[in-house]
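Visitor: Show me the folded form of this:
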Amino acid sequence: DPIGHGTHVAGIVLGDGSYRSTEDNYYHDNFDGKFVGMAPGAYMIAQSLFGENETFTYRNLTKWSVDNGAQISQNSWGTWHSSVWGNYTIVSRDYDNSTRDADWTTAGNQSLLMVFAAGNEGIFGNNTLTTTAVAKNVISVGSTGTGKNVTAEDAVWLHSSKGWTDDGRIKPDLVAPGDDVTSTWGIDAGSSSGSLPAEAGEHSYITYGGTSMSAPVVSGSAALVMDYMIKKEGQTEPSPAAVKAILIASADHLDTSQWPSREQGWGRVNVSRAIVETRDMNMEFIDQTTKFDDVDQAQSYKYDVQAGQPLRVSLVWTDLPSEVYSGKMLINDLDLEVESPSGQVYKGNVFGAGQSITGGTADDTNNVEMVYIESPATGEWKVTVTSSQLPPVWGGGNQDYAVSVAVSYTHLRAHETGRHISYAVFC
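Guide: You can find the predicted model right below:
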C-alpha cells in the first residue's frame, strides 16, 4: 500500500486496535485497543484498482468479490470529475446491477451491499456527489466531524459532498464521522499528509480525514447489523435492502441542518440503536418476503406501539438499473403509508419541520422512503407498502422490498419471517 489510504480504510472497518510487534512495549501496554475498528471480527478481501498491468470492469470487480465470499463492498474511491457530479452514469448503473446480482454468470442472485464515499467536494456547493455515490441501490456516505478539529460531532464536514442527485433523489444516504479519524498506517507509506497523534507509535497509526474515512464506519456498522441478524434473529443471508433500511431507520437526525437534507441525507449512523434492543426501543424488519408482480398490490403490517419514543419506519427496495442521463432514474415505484390509531395517514417522504405530516403526494423519485413520527400515540399503527409502477423492462415487472421499524415496545402482529442470510466478508 504505497500511499497508506487502503490500509487506513481497512483499519476503520475491522482493525483490532493492536500495535505492530516492532513498537515499544509502552504502546502495547497502554494503548492496545484504543483505535479498534467498527467490526474487528469481520474478514477482509482486498482489491486494488491500480495494480501493475491491471485490467478490469466494475462488474468484474464485484463478481470477484462475491466469488471470494464477500457480502459487503467498501469503496472509498469515486469518479471525481466535476462534469459528472450528481450524474447517473454507466458506473452508477453497473453498481445498481451488482447490488442485486454481482455474479451474472451464476444462476440466481448473488447480492452485494455497496458502500461508497460521497466525495470531498462540498465546499463547491450542492450537487457535488461522485457518480458512484449517485447509484440508487448503494449506501452513499457523507462525513461529519469528530470534535477533534474545527467541525463538531453533530455537524456535517464542510468538504463533504452534497446532494441532491441530478434527478432530485435524496443522497447521501447517511453520514458518519470522517474528519480527523485515526486508523492503521500502511507500513509501505513513507511520507504522509496525515497527522500523528501522541499514541500513534512509530508506524502503527495515523490520522486522516474525508468521506473516505466515514464510508468504512458505515461498512463496519453494516457488518455488525448483519452479525446481529445472524446470531439474534436467526437469519443467514440479509439482503442489501434490509441492512440499508435498518441503518436508515436507526440514524440520528442532526439538528445542524434540515432533515432530511442535501448535507446529512437521512442522518448520522447509529449502530447501537440498530442492534441493541432496550425497554425503550426495538428494531423490527421485513426482508424481501413479498414480491409485487402488478401495480396496485399492497401488503400491510400492524404494530402495537407505546408512546415515549419516536416511530421510525423505512422502506427500501433494490431497483432496476436505469438508462444513463435519462431524467428520472426510478424504474419500479413503491409507496409507503403509515396509519395512526386515529386514522391519520402519513405518506413516505412527506415532511414538515423535521417529521412526517399528513397530506402531500406519494414520492415517485426515491427508492428509499421514510416516515418519522416524533411523538406517536399509543395503540395499533398500520404500515402499508403499495406497488405504483412496475414497467416490464429488463426482465422487470416485479419488485420485492425491505421494511424496518424502530419504536418503543414494538409488537409485530403481521410478522413475516425474513429470508436467511450469511456472515459478512469485506472487499
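Visitor: what bridges to the most centrally placed residue in the chain?
Guide: Nearest residue to the geometric centre of the chain (CA atoms, centre = their mean): I139, 3.6 Å. Bridge pairing for I139 (DSSP bridges) gives the partners V115.
Visitor: give me every residue that touches it.
Guide: L113, M114, V115, F116, D173, L174, V218, A222, K244, L247 (CB atoms under 8 Å, 6 or more residues apart in numbering). Every C-beta, even on glycine, is put in place using the N, C-alpha and C of the backbone.
Visitor: Run the chain-centre distance for stretch 264-279.
Guide: Computed by CA atoms, centre = their mean, to the nearest Å, the chain-centroid distance of stretch 264-279 equals 12 Å.
Visitor: List the buried residues of that stretch.
Guide: Neighbour counts over stretch 264-279 (16 or more other CB atoms under 10 Å) mark Q264, G265, W266, G267, R268, V269, N270, V271, R273, A274, I275 as buried.
Visitor: likewise stretch 280-300?
Guide: So for stretch 280-300, counting by 16+ other CB under 10 Å, buried means M281, N282, M283, E284, F285, I286, D287, Q288, T290, F292, Q297, Q299.
Visitor: can you put the residues you listed in TSV and add distance to G4 and secondary structure?
Guide: Output for the buried residues of stretch 280-300, formatted as TSV (distance: CB to CB, whole Å; DSSP: H, G, I helix; E, B strand; the rest coil):
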residue	distance to G4	secondary structure
M281	39	coil
N282	41	strand
M283	36	strand
E284	41	strand
F285	37	strand
I286	42	strand
D287	37	strand
Q288	39	strand
T290	46	strand
F292	47	strand
Q297	51	coil
Q299	48	strand
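Visitor: Quick check: the farthest pair among those residues?
Guide: For these, the farthest-apart pair by CB to CB is M281 and Q297; their separation is 31.3 Å.
Visitor: ok, back up a step: quick check: the residue nearest to the centre of the chain vs Q74, distance?
Guide: In this view, I139 and Q74 are 10 Å apart by CB to CB, to the nearest Å.
Visitor: where exactly do the strands run in the stretch 151-300 of the chain?
Guide: With DSSP state E, counting those that start in this stretch as the criterion, the stretch 151-300 of the chain has strands at 174-177, 181-184, 205-208, 282-292, 298-305.
Visitor: who wins for proximity to V66 among those?
Guide: strand 282-292 (17.5 Å).
Visitor: pLDDT (mean, whole number) over the closest one?
Guide: Across strand 282-292, the average pLDDT comes to 92.
Visitor: what lines up beside it in the sheet?
Guide: strand 399-407 (antiparallel).
Visitor: Pull out the CA atoms of the partner strand and give them to me as PDB.
Guide: C-alpha atoms of strand 399-407 as PDB (Å, rounded to 0.1, in the frame of the first residue of the first chain):
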ATOM      1  CA  GLN A 399     -40.300  -5.900  -7.100                       C
ATOM      2  CA  ASP A 400     -39.500  -7.100  -3.600                       C
ATOM      3  CA  TYR A 401     -38.600  -4.700  -0.700                       C
ATOM      4  CA  ALA A 402     -37.400  -4.400   2.900                       C
ATOM      5  CA  VAL A 403     -39.100  -2.500   5.700                       C
ATOM      6  CA  SER A 404     -37.500  -1.500   9.100                       C
ATOM      7  CA  VAL A 405     -39.500  -0.200  12.100                       C
ATOM      8  CA  ALA A 406     -37.800   1.300  15.200                       C
ATOM      9  CA  VAL A 407     -40.200   2.100  18.000                       C
END
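Visitor: How far off centre is the helix or strand where S92 lies?
Guide: If you go by DSSP states H and E, S92 is part of helix 90-100. Its chain's C-alpha centre lies 15 Å from the corresponding centre of helix 90-100 when counted by CA atoms, centre = their mean.
Visitor: Can you tell me what sits against it?
Guide: Counting by CB under 8 Å, 6+ apart, 57-59, 62-63, 79, 104, 109, 111-114, 116, 131-132, 134-138, 240, 318-322, 324 sit against helix 90-100.
Visitor: mind listing the helices for the stretch 1-150 of the chain?
Guide: 5-14, 25-31, 58-67, 90-100, 131-134 (DSSP state H, counting those that start in this stretch).
Visitor: among these, which gets the worst mean confidence?
Guide: helix 58-67 (a mean of 87).
Visitor: Check which helices and strands it sits against.
Guide: helix 90-100 (3 or more CB pairs under 8 Å, 6 or more residues apart in numbering; DSSP states H and E).
Visitor: Just the CA atoms of the helix it packs on, as PDB, please.
Guide: Extracted in PDB, the C-alpha atoms of helix 90-100 (Å, rounded to 0.1, in the frame of the first residue of the first chain):
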ATOM      1  CA  ILE A  90     -22.700   3.800 -16.700                       C
ATOM      2  CA  VAL A  91     -20.700   3.400 -13.500                       C
ATOM      3  CA  SER A  92     -23.800   4.100 -11.400                       C
ATOM      4  CA  ARG A  93     -25.700   1.600 -13.500                       C
ATOM      5  CA  ASP A  94     -23.100  -1.100 -13.000                       C
ATOM      6  CA  TYR A  95     -23.300  -0.800  -9.200                       C
ATOM      7  CA  ASP A  96     -27.100  -0.800  -9.200                       C
ATOM      8  CA  ASN A  97     -26.900  -4.000 -11.200                       C
ATOM      9  CA  SER A  98     -24.300  -5.600  -8.900                       C
ATOM     10  CA  THR A  99     -26.300  -4.800  -5.700                       C
ATOM     11  CA  ARG A 100     -28.900  -7.300  -6.800                       C
END
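Visitor: quick one: low-confidence ranges for the stretch 151-300 of the chain?
Guide: 188-192, 279 (pLDDT under 70).
Visitor: Tell me where the stretch 301-427 of the chain has strands.
Guide: Using DSSP E, counting those that start in this stretch, strands in the stretch 301-427 of the chain cover 311-316, 333-339, 345-352, 355-358, 368-373, 379-389, 399-407, 411-412, 425-426.
Visitor: Within its sheet, name the partner strands of the fourth one and how each one runs.
Guide: By that I understand strand 355-358. Applying DSSP bridges, one finds strand 355-358 paired with strand 345-352 (antiparallel).
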